[in-house]
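Visitor: test case, fold it:
(chains A, B and C)
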Amino acid sequence: MAIFVLVHGAWHDGGGWEATVRHLEDLGHRAFAPTMAGHGKGADRGVNHAQCTKSIVDFIAGKSLTNIILVGHSFGGTVISKVAEAIPERVRRLVFQNGFVLKDGHSLIDEVPPATAAFFAQMAKESPDNTVMLPFPIWRENFINDGDLEQAERSYAPLSPQPFQPLSDKLDLKKFYSLETPRSYINCTEDIALPPGEWGWHPRMSNRLGLYRLVQMPGSHQVMFSNPKGLAEKIVEAGRD
Amino acid sequence: MAIFVLVHGAWHDGGGWEATVRHLEDLGHRAFAPTMAGHGKGADRGVNHAQCTKSIVDFIAGKSLTNIILVGHSFGGTVISKVAEAIPERVRRLVFQNGFVLKDGHSLIDEVPPATAAFFAQMAKESPDNTVMLPFPIWRENFINDGDLEQAERSYAPLSPQPFQPLSDKLDLKKFYSLETPRSYINCTEDIALPPGEWGWHPRMSNRLGLYRLVQMPGSHQVMFSNPKGLAEKIVEAGRD
Amino acid sequence: MAIFVLVHGAWHDGGGWEATVRHLEDLGHRAFAPTMAGHGKGADRGVNHAQCTKSIVDFIAGKSLTNIILVGHSFGGTVISKVAEAIPERVRRLVFQNGFVLKDGHSLIDEVPPATAAFFAQMAKESPDNTVMLPFPIWRENFINDGDLEQAERSYAPLSPQPFQPLSDKLDLKKFYSLETPRSYINCTEDIALPPGEWGWHPRMSNRLGLYRLVQMPGSHQVMFSNPKGLAEKIVEAGRD
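Guide: Next up is the predicted model:
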């Protein structure tokens, strides 16, 4: 039995992992899906990256979890990197699921195509509370391209505006890059939330992990909605020793 | 129920889609597979790209088809791009199946490796009617690498010489690149009709589509012969809203 | 019925193909898995690349095998290239399974990332007999990433130190590059024994083969342990006419 802590990406909250958690439990494991500070419907959006990280650290410490497999999806990859710096003794393995593995000193926004970065920066500036929202057409075509329209709509409904600050905070990752925590990268082969190639997830992000384990599966960026059972199986494969 | 119009590639005619059409119909859809002007056994080879396009436009208008999912395979990708310019009001979505998405002002021949371009240009020059044929060994190894020898031979037999003019016509695609027609790209992961990498189909061609949906499946360039049922399913997935 | 000769990679001996041989036989074929000179527990490590090649040539000639499908895994790719030069008349097709396809004049070590090359050169220098061993953590994460820990341990146990000389010998491959022997490349899509991208197996190695057939399957570098049945099927697909 392994213990998984699943860290969601931008716009999401922990509820997005519901089906994945259930399938991990069906496979005999324990799984937790906390919601980061500043995320989820109704949350105060005034958070920075450090506060996002702290909320996950507090969750893990509060539940006295040790020996955890810490899984970060998308933006959540930047958070698990900092959580691992904070409480390395509690983390057995890191799993990035199409997660951002930032260069030391970079923000997430430094690692997306310039046009995307400019689009989000502008949207944040025009928002009342420095947040960004993902337009539905992008969600439907680029994030859940393997789902049908109904799935796309159903999974879009719980999303909420993403605080921009955690996306633009530049992170000191020197300690992360000195850690020897085992790490895996799950790459969904149809994930085009980042455009494949020069700006893609894999191998751009994965190769930064040094010695790492690659696990791939068919699916989009939002495979936790389109195929949560398959994802749970791959999380187990990525997370085992 | 959706309406599919399937546009074949070089050397082919509409008959190459026969099994795919049947599987699309089995899935509850309507599907048409016209043969372009200048293509098919016995056709007059003296056509240019505009005539190829016009023949497809005429087919669609002649049958009063609207709301169509317009699918273009390989060279057919260049044709559906121009058909969409001509009759955008009839096209619900474009689907490129390992199809050429040309840069504005380019010909197909501008987008293949220089050695391939030179090989075809020379062959056209030496032919009596400015056509090119695909040598069987290339067909067998690079086009239908997932089939067996008998399948390769059976599917090669109906091919006929390809007019070179439509491959070398440089296309004004400014209108195409201004269209907001939804679009998808089906990439068969073993397609080496273009060499993977710098000159490959995906993401080189797909990334030019702006906001697009990626659908992948195992298979070669000629998956309509080696796996028409699987292809039909992916065409439906690529074509839905 | 086809005749397969399977040539192992570094650290391995012919025994690593045991399950694959059995599955090929179940599929109605004959399969041989010789151990190269200088390889296998207890062998004299003082061999160069030419001696590795000669031992395979001698095996094939000694058994009077003709019309063979010659399969090379990893380092074995460099050996089958030279075997094909020596006895082209006996080889019906070459199959590289995530195998090295060296540039003319290169050694294997010239074709791995500089840090890896330096790591192995240093290890060889520090060894008593100019050999290198693969550390278990690299085996587990990068070579058999699709297996579980027990499989990783079980498959690691039979490995033995690899003579460094055959990895650092620069090979004259002019004849190889003039051969017209049909050739296929099997790429396992999760193989990160070479890091995907600039230094990856595919398409870097495969594109050097000129006209070749691509066959892909899910799996790691050591799919002969994690999925020998699937590998046998793909070897048949890669090896047929």
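Visitor: for the helix or strand where A:Ile235 lies, packing partners?
Guide: Assigned by DSSP states H and E, A:Ile235 belongs to helix A:228-239. Contacts defined by 3 or more CB pairs under 8 Å, 6 or more residues apart in numbering or on different chains; DSSP states H and E place helix A:228-239 against strand A:3-7, helix A:18-26, strand A:68-73, strand A:91-97, strand A:183-188, strand A:213-217, helix A:223-226. In short, each C-beta sits where N, CA and C put it, glycine included.
Visitor: show me the contacts for the residue in chain A that chain C sits nearest to.
Guide: Proximity to chain C, evaluated over chain A using CB to the nearest CB, is greatest for A:Pro203 at 4.0 Å. A:Pro203 makes contact with C:Pro195, C:Pro196, C:Gly197, C:Gly200 under the criterion CB atoms under 8 Å, 6 or more residues apart in numbering or on different chains.
Visitor: so which of the residues you listed are also by chain A?
Guide: Filtering the contacts of A:Pro203 for proximity to chain A by CB under 8 Å from any CB of the partner chain leaves C:Pro195, C:Pro196, C:Gly197, C:Gly200.
Visitor: from C:Ile68, how far out is the last one?
Guide: Applying CB to CB, to the nearest Å, one obtains 28 Å for the distance of C:Gly200 from C:Ile68.
Visitor: the third one too?
Guide: Between C:Gly197 and C:Ile68 the computed distance is 34 Å (CB to CB).
Visitor: can you report how many residues lie near A:Arg208?
Guide: Per other CB atoms under 10 Å in any protein chain shown, the neighbour tally for A:Arg208 reads 17.
Visitor: which helix or strand contains the closest residue to it other than its chain neighbours?
Guide: Nearest non-adjacent residue to A:Arg208, counting by CB to CB, 6 or more residues apart in numbering or on different chains: A:Val101, 4.6 Å away. For A:Val101, there is no host helix or strand (DSSP H and E).
Visitor: distance between the ends of stretch A:152-160?
Guide: 15 Å (CA to CA, to the nearest Å).
Visitor: can you tell me the SS state at the residue in chain A that chain B sits nearest to?
Guide: Residue nearest to chain B within chain A: A:Pro196 (3.9 Å; CB to the nearest CB). Of the three states, A:Pro196 takes coil under DSSP: H, G, I helix; E, B strand; the rest coil.
Visitor: the closest residue to it other than its chain neighbours: which element?
Guide: The shortest distance from A:Pro196 to any residue other than its chain neighbours is 3.9 Å, reached at B:Pro203 (CB to CB, 6+ apart). Taking DSSP H and E as the definition, one finds B:Pro203 inside no helix or strand.
Visitor: now do the phi/psi pair for B:Pro203.
Guide: phi -90, psi 10 (degrees, to the nearest 10).
Visitor: could you dump whichever strand or helix holds A:Ala115 to PDB, C-alpha only?
Guide: Assigned by DSSP H and E, A:Ala115 falls within helix A:114-126. Provided in PDB are the C-alpha atoms of helix A:114-126 (Å, rounded to 0.1, in the frame of the first residue of the first chain):
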ATOM      1  CA  PRO A 114       5.700  34.000 -25.500                       C
ATOM      2  CA  ALA A 115       2.300  34.600 -27.000                       C
ATOM      3  CA  THR A 116       0.700  32.500 -24.300                       C
ATOM      4  CA  ALA A 117       2.600  34.300 -21.600                       C
ATOM      5  CA  ALA A 118       1.500  37.700 -23.000                       C
ATOM      6  CA  PHE A 119      -2.100  36.500 -23.300                       C
ATOM      7  CA  PHE A 120      -2.300  35.600 -19.700                       C
ATOM      8  CA  ALA A 121      -0.300  38.600 -18.400                       C
ATOM      9  CA  GLN A 122      -2.800  40.900 -20.300                       C
ATOM     10  CA  MET A 123      -5.800  39.000 -18.900                       C
ATOM     11  CA  ALA A 124      -4.500  39.200 -15.400                       C
ATOM     12  CA  LYS A 125      -3.900  42.900 -15.700                       C
ATOM     13  CA  GLU A 126      -7.500  43.500 -17.000                       C
END
